[in-house]
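Q: dropping a prediction and its sequence here:
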Amino acid sequence: MFLYEKNIYKNLFFPFLLITFAICGIAWIVQSIRYLEIILSQGARILDFINLTICLIPLLLFIILPVSLFLTILYVYKKFLFDNEIIALYSLGVARINIIKPFLKFSILVTIAHLLISFYLLPISSNKFKNLKLSINQSSIINLLQFNTFISKIQGLTIFIEKKEGDNLLKNILINDSKNANKDITFIASSGKFYNNNNLYRLILYDGTKVEFQNNKQRYSMIKFSEFTIDLNQGEKSNNKLVDDSYELTVPELLFSNNIPNNKIKKFRAQGHFRLVWPLTSISIAVSVLYFLTRREENRIQNFKLNFYTFLSIILIIGFNLSFYIFNQVSYKYYPIVYIFNIFLPIILYYKLYRYNKKSLLLIART
């Protein structure tokens, strides 16, 4: 490895980390504000809030890495131009194509890291996020236990507890269960206790009455009980892969699993292709930026046009990939077009750079 290559890698690495950290930090703060409700309204611990928001970082990295790479290459190459380092390398006989090779190799390393996030880190963090949020939601009724107050934190349940006595014994309990649209159930009990097993919460009622209304409360039945258990869990914590969030699945599961519901299969298949294609966008962006930056001219108007074309190409590449992702949630059979675009665009631009470099060398040799 030549010294100038080591210098380029060094100048790329630290700005890339700084830019990625800055963008990710801003996005993380914005997203974290949305989950402050967990602290304010559900009584969760600060540690739970931090763990929950940390789980968002892989998703944020997955989204922003191509943009960070673009800004890094733009900044470093412009810095080399202003410091006349590019001109110095030309004067030493270093070909233009050899100068951009470290940039391309760095882009490939970023793409590999991006794919690792997409394949492994993203589903792991998304599953942890889901389970932690579920645990917080399930325990919120305990954290926010208030007496002589109607509590409606669990969907479909309204709970009233008059007071607490002795060893967690709850007195004079009224619960309305409206989870079923066809019937309304009311429980009245003299006492009860909360029961927790592996973050699965239940309320055990003692010496009470169950009143069940049916047919828009035109009919009702009444049953007395000595003990009755009510499930307080808002969702089922399971390893079943039939989940709502496609980020919780790995790429092979998104593309090939037969356990996906029919009404979600288009969305999940499109998500699987997007998780493959979006990291490849980094290479397309890198080659496109370098293609225009290396064609720098002495004319200011021409340079302004080249800068304009640089930003326009990035907007088009990102817009093309995102629009196809949205479109392919309706019909994902057109996704081969996106693969062709992201594979052949860098090859074509690199070939043009190679030809441009060859012509420049021939002109220099003739002079």
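A: Cool, the structure landed.

Q: just for the stretch 51-200 of the chain, where's the confidence low?
A: For the stretch 51-200 of the chain, residues meeting the criterion pLDDT under 70 lie at 137-146, 153-155, 167, 196-200.

Q: that one: helices as residue ranges?
A: Assigned by DSSP state H, counting those that start in this stretch, the stretch 51-200 of the chain shows helices spanning 57-82, 85-91, 96-116, 122-143.

Q: what's the second one packed up against?
A: It stands for helix 85-91. helix 96-116 (3 or more CB pairs under 8 Å, 6 or more residues apart in numbering; DSSP states H and E). Bear in mind the C-beta positions are built from the backbone N, C-alpha and C, glycine included.

Q: for Tyr77, which residues are in contact?
A: 86, 103, 289-290, 293 (CB atoms under 8 Å, 6 or more residues apart in numbering).

Q: now the strands for the stretch 201-350 of the chain?
A: Listed in chain order, the strands of the stretch 201-350 of the chain (DSSP state E, counting those that start in this stretch) span residues 219-231.

Q: show me where pLDDT drops low in it?
A: By pLDDT under 70, the weakly predicted segments of the stretch 201-350 of the chain are 215-218, 233-244, 296-299, 328-332.

Q: the same query, at a cut-off of 80, please.
A: Applying pLDDT under 80 to the stretch 201-350 of the chain flags residues 201-202, 214-220, 231-245, 261, 263, 295-303, 324-335.

Q: nearest to Ile159, out of the helices of the stretch 51-200 of the chain?
A: In terms of CB to CB, the element of the helices of the stretch 51-200 of the chain nearest to Ile159 is helix 122-143, at 7.3 Å.

Q: quick check: which of the helices of the stretch 51-200 of the chain is nearest to Pro279?
A: Using CB to CB, the helices of the stretch 51-200 of the chain put helix 96-116 closest to Pro279, at 3.6 Å.

Q: how is the chain carved up into domains?
A: Domain assignment for the chain by automatic domain parsing gives 3-139+241-366, 155-231.

Q: so which residue is dead centre in this structure?
A: With distances taken as CA atoms, centre = their mean, the residue of the chain nearest its centroid is Leu59 (2.8 Å).

Q: contact partners for that one?
A: Contact analysis of Leu59 by CB under 8 Å, 6+ apart lists 122, 125-126, 247.

Q: picking that back up, just put the domains of the chain in CSV and tack on distance to Phe147.
A: Shown next, in CSV, are the domains of the chain (distance: least, CB to CB, whole Å):
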stretch, distance to Phe147
domain 3-139+241-366, 15
domain 155-231, 5
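
Q: can you tell me which of those is most buried?
A: Most buried of the domains of the chain, by mean neighbour count (mean count of other CB atoms under 10 Å): domain 3-139+241-366, with a mean of 16.

Q: how far does it sit from the chain's center?
A: With CA atoms, centre = their mean, to the nearest Å as the basis, domain 3-139+241-366 stands 13 Å off its chain's centre.

Q: what distance do you get for the nearest residue to Ile64 once chain neighbours are set aside to Pro261?
A: Leaving aside its chain neighbours, Ile64 sits nearest to Ile23 (5.0 Å; criterion: CB to CB, 6 or more residues apart in numbering). Going from Ile23 to Pro261 by CB to CB, to the nearest Å gives 35 Å.

Q: try Phe320
A: Using CB to CB, Phe320 is found at 29 Å from Pro261.

Q: ditto for Val289
A: 41 Å.

Q: and if you look at Tyr335?
A: 20 Å.

Q: with Leu104 instead?
A: For Leu104, the distance to Pro261 (CB to CB) stands at 42 Å.

Q: what of Gly319?
A: Distance from Gly319 to Pro261, by CB to CB: 30 Å.

Q: next one: Lys267
A: From Lys267 over to Pro261 (counting by CB to CB), the distance is 10 Å.

Q: what does Ala88 give?
A: 61 Å.

Q: same deal with Phe292?
A: From Phe292 to Pro261 the distance is 45 Å (CB to CB).

Q: one more: Ser284?
A: In terms of CB to CB, Ser284 sits 33 Å off from Pro261.

Q: what's the answer for Ile314, then?
A: For Ile314, the distance to Pro261 (CB to CB) stands at 36 Å.

Q: what of Ile136?
A: Distance check for Ile136 against Pro261: by CB to CB, it reads 26 Å.
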